[in-house]
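Trainee: below: sequence and its predicted model.
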Amino acid sequence: MKLSKKTIIMGFAALAILFCAAIRVQAVEKEEKFFGFIKGDDKQCKKEKIAYLTFDDGPSIYTEELLDVLNEYGISGIFFVLGAQFDYIPNADEILNRMVDEGHHIALHTMTHDKNTLYWSQNASANFVAEMLELRDEVATRTGQVTNLCRAPYGKKGHFNATHYRAVEDAGLHCIDWHVDSKDWAKKNADEIYSEVVCELKRFEDADEIVLLFHEYERTVEALPRVIEHLLDLGYTFKPYAPGKVFEGI
Ligand SMILES: [Zn+2]
C-alpha cells in the first residue's frame, strides 16, 4: 500500500499530539502530587484558633443590641451578669431568657461589684463566694440555667489573695479573667475600641484559644461587627461555651 505524502504528514501530526498529551498528563500528575503534599502538610500544621467573646456588667439597655450583632454572625457569647442589674433593668428577665434561648451562656459577676465587700473587708473571700452563689441561684430561678463559670469584678489579678483562690475552688466555681481587654470602659468611641483589640491580638498570634473582654456600651455595640470581622480574617472561629470547660491560665 502506497501512502500519500498527506497521509504521512497527518499521521506524524497525530502522533505528535498524542505524545504532547501524554507528557501533559504526566506533568499534571506530578504537579498534583507536589501541591497535594504541600496542601496536606499545611492541613496538618494548621491549628484551630478559637475566640470567646465575653461581656461584663449586664444586663443593660444595650444587651439586646449586642445579642442582635452576635446572632447576625451566629456567635454564642458569654455574659458575666451582675445581680444588681436585675432590679435596675426593667426587662432583665426577658433579656436573660433571650440569652439562654439563643444559645448564649450566662456566667456570674457577683451581686454588688463592690471592691470593699469583695476584696478589702474582713470576710472578703466569704463575701465573694456568697455573692457568686446567690447570683447563681438568681440566674437559675429566672432562666433555669445553672453555671459555675464566674469572673471577679476588676479581675483576679491584684484583687484575689490566697484565701479567695481557695474559697472559690472549695465552692466549685471556675473564675476566669481574660486575654484581650478591649478597654471599652476607657475608650471614647468604636474606632478606639477596634484599634485596641487589633493591637492586643498581635500579642496572641500563637495562641489557639483567646478570651476577649467587653462591657455593655453603645460604642461596644458599634465596634463589635468590625472586631468580629477582624477575628474571622485572622482565622478565628467562635465556639459556644461548653459547661464544665476549663480555661487555662486566665
Ligand atoms: Zn465588671
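Mentor: Right, received. Where do you want to start? Here the structure is a predicted model, which means the values were calculated and not measured.
Trainee: contacting residues for the residue nearest to Ala107 when sequence neighbours are not counted?
Mentor: With sequence-adjacent residues excluded and distances taken as Cβ to Cβ, 6 or more residues apart in numbering, Ala107 is closest to Leu149, at 4.1 Å. C-beta here means a position set from N, CA and C on the backbone, and glycine is covered the same way. Taking Cβ atoms under 8 Å, 6 or more residues apart in numbering, we find Leu149 in contact with Ile78, His105, Ala107, Leu108, Leu173, His174, Ile176, Tyr241, Pro243.
Trainee: closest to Glu218 out of those residues?
Mentor: Ile78 (20.5 Å; Cβ to Cβ).
Trainee: so that closest one touches Leu108, yeah?
Mentor: No - using Cβ atoms under 8 Å, Ile78 is not in contact with Leu108; the gap is 10.6 Å.
Trainee: just the buried residues of the contacts of Leu149.
Mentor: Neighbour counting with 16 or more other Cβ atoms under 10 Å marks Ile78, His105, Ala107, Leu108, Leu173, His174, Ile176, Tyr241 as buried within the contacts of Leu149.
Trainee: can you flag which of these belong to strands?
Mentor: Counting by DSSP state E, these place Ile78, His105, Ala107, Leu108, His174 in strands.
Trainee: gap between the third one and Asp87?
Mentor: Right, the one you point to is Ala107. 19 Å (Cβ to Cβ, to the nearest Å).
Trainee: show me the contacts for the residue nearest the centre of the chain.
Mentor: The residue lying closest to the centre of the chain (Cα atoms, centre = their mean) is Tyr52, at 1.9 Å. By Cβ under 8 Å, 6+ apart, the contact set of Tyr52 is Ile78, Glu209, Ile210, Val211, Leu212, Phe238, Lys239, Tyr241, Phe247.
Trainee: now do 7 Å
Mentor: Applying Cβ atoms under 7 Å, 6 or more residues apart in numbering to Tyr52 gives the contacts Ile78, Val211, Leu212, Tyr241.
Trainee: which two of those have the greatest separation?
Mentor: Leu212 and Tyr241 (13.2 Å).
Trainee: what parts of the chain come near the ion?
Mentor: Within the chain, the positions near the ion by Cβ under 5 Å from the ion are Asp56, Asp57, Pro153.
Trainee: return the member of the contacts of Tyr52 nearest to Asp233.
Mentor: Leu212 (14.9 Å).
Trainee: can you map out the strands along the chain?
Mentor: So, for the chain - with DSSP E - the strands run 49-56, 78-81, 105-108, 149-150, 174-175, 180-181, 209-215, 236-238.
Trainee: got a markdown table for those strands, with mean pLDDT too?
Mentor: Formatted as a markdown table, the strands of the chain follow (pLDDT from 0 to 100):
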| stretch | mean pLDDT |
| --- | --- |
| strand 49-56 | 98 |
| strand 78-81 | 98 |
| strand 105-108 | 98 |
| strand 149-150 | 98 |
| strand 174-175 | 98 |
| strand 180-181 | 98 |
| strand 209-215 | 98 |
| strand 236-238 | 97 |
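Trainee: for the ones you listed, which one sits closest to Ser125?
Mentor: Nearest to Ser125, of the strands of the chain and by Cβ to Cβ, is strand 174-175 at 11.6 Å.
Trainee: return the distance of that closest one from the chain's centre.
Mentor: 17 Å (Cα atoms, centre = their mean, to the nearest Å).
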